[in-house]
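Colleague: I need the structure of the sequence given here:
(chains A and B)
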Amino acid sequence: MSVINYSSREITFKIVYYGTGLGGKTTNLKVIYNKVSPEQKGKMISLATEMDRTLFFDFLPMDIGSVKGFKTKFQLYTVPGQIYYNASRKLILKGVDGIVFVGDSQIERFEDNIESVDNLLENLQEHGLKLEDIPFVLQYNKRDLPNISSIDELQSSLNPWNVPYFEAVAVQGIGVFETLKAVSKMILQRL
Amino acid sequence: MSYENLSIFEQDFWDINNALNKLLAGTNATALLLIDKAGQMITSVGNTANVDLISFASLTAADFAATSQLALLIGEDEFTELFHQGKNENIYITIILSRIILVVIFGRTTNLGLIRVRIKSTVAELEKIFTMIFSKLNAQQGRRKTTFNDDFKKAAESELDDLFK
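Modeller: Numbers count the residues shown, from 1 in each chain, chains lettered A, B, ... in the order given. As a prediction, the model looks like this:
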């Protein structure tokens, strides 16, 4: 749900990073945080456990600057990936404008990815939303690891909608910005 | 499509701010914030110089969402008010039309009882304003389309390209 304030001339969008536990969602946000200049970002908040696992969400506000007199802002959220935290995951999807699904390319996580996409669809349905109506991209992360599924396998199981996908090595920053840029542009196109 | 957007026009925005300023003066609170349930800031009045408003807004929405789920677990629809007490500063939270969160930040210059009494008329006033805003949402499509036209989209995309260079 974008919020447009014609009086203060601001527009704000919400992007949610979804996916399995330890798939690299928080890493995406950290890379973005570290690379964007201070005047274009706010404070990054992580509600995490002592073991650094996301408990509720990570949050990173970004300000892309003034566009035709409108301050244009994107707020990035991650959900907790662990199955256990579904109640929290559902809450974060409230008012979402765009979704990035971060898939873990490792073969042993193949089924977890499928479960996580199914879970995304279920949770959207509970908000009365359909994935087809929301700007959505996939990121296949950890492409540098030896034991990974092929892109064809991932595509056929996770991307029946044939939305844009990106190969990434989030810890090295590879593919992170391409992913965010793609979903952001899709959101703008829908305005 | 149940995908909802919120657009606030100038007059509505001033009406909202007037209602909030009245409450601020009537309670001597530190600040008042209006936040949508998705965690985005709508407006604030009062002294917010020391508050990171963007973080505050996202955490408030999360707080409210989490406690609403707690309410469901014990058979309530949602908790209509929340109160967090600190040593010096406190937070009182209530909800407008089940969609907008109103937060009062207050210290020792006032008290919870006064806020709870005075906030009632403000909530009623804000309910009227937001009912109008929500009823106008469809009619606003025209202005939205002219404001966020292809020129805007191109300019925004070019900002995005610069940001991620």
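Colleague: residues touching the nearest residue to residue A:41 once chain neighbours are set aside, list them.
Modeller: Distances taken as C-beta to C-beta, 6 or more residues apart in numbering or on different chains put residue A:62 closest to residue A:41, at 5.4 Å, once the chain neighbours are dropped. All C-beta atoms are positioned from the backbone trio N, CA, C, and that covers glycine. By C-beta atoms under 8 Å, 6 or more residues apart in numbering or on different chains, the contact set of residue A:62 is A:32, A:36, A:40, A:41, A:42, A:73, A:74, A:75, A:76, B:163.
Colleague: can you list the weak-confidence ranges in chain B?
Modeller: Chain B contains residues with pLDDT under 70 at B:1-4.
Colleague: quick one: the helices in it?
Modeller: Using DSSP state H, the helices of chain B run over B:10-27, B:53-73, B:112-136, B:141-147, B:150-163.
Colleague: mind putting these into JSON lines with mean neighbour count and distance to residue B:39?
Modeller: JSON lines is the format used below for these (neighbours: other C-beta atoms under 10 Å in any protein chain shown; distance: least, C-beta to C-beta, whole Å):
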{"stretch": "helix B:10-27", "mean neighbour count": "17", "distance to residue B:39": "18"}
{"stretch": "helix B:53-73", "mean neighbour count": "18", "distance to residue B:39": "4"}
{"stretch": "helix B:112-136", "mean neighbour count": "15", "distance to residue B:39": "17"}
{"stretch": "helix B:141-147", "mean neighbour count": "12", "distance to residue B:39": "21"}
{"stretch": "helix B:150-163", "mean neighbour count": "16", "distance to residue B:39": "21"}
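Colleague: the residue nearest to residue A:41: which element?
Modeller: If you go by DSSP states H and E, residue A:62 is part of strand A:54-67.
Colleague: let's see that strand as PDB, backbone CA atoms only.
Modeller: The C-alpha trace of strand A:54-67 is given here as PDB (Å, rounded to 0.1, in the frame of the first residue of the first chain):
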ATOM      1  CA  THR A  54      15.700 -12.600  12.200                       C
ATOM      2  CA  LEU A  55      12.900 -12.800  14.800                       C
ATOM      3  CA  PHE A  56      10.400 -10.300  13.500                       C
ATOM      4  CA  PHE A  57      11.900  -8.300  10.600                       C
ATOM      5  CA  ASP A  58      14.800  -6.200   9.300                       C
ATOM      6  CA  PHE A  59      13.900  -2.800   8.100                       C
ATOM      7  CA  LEU A  60      15.800  -0.400   5.900                       C
ATOM      8  CA  PRO A  61      14.300   2.900   4.800                       C
ATOM      9  CA  MET A  62      15.700   4.400   1.600                       C
ATOM     10  CA  ASP A  63      15.200   7.800   0.000                       C
ATOM     11  CA  ILE A  64      15.800   7.900  -3.700                       C
ATOM     12  CA  GLY A  65      15.500  11.700  -3.700                       C
ATOM     13  CA  SER A  66      13.100  14.200  -5.100                       C
ATOM     14  CA  VAL A  67      11.500  13.100  -8.300                       C
END
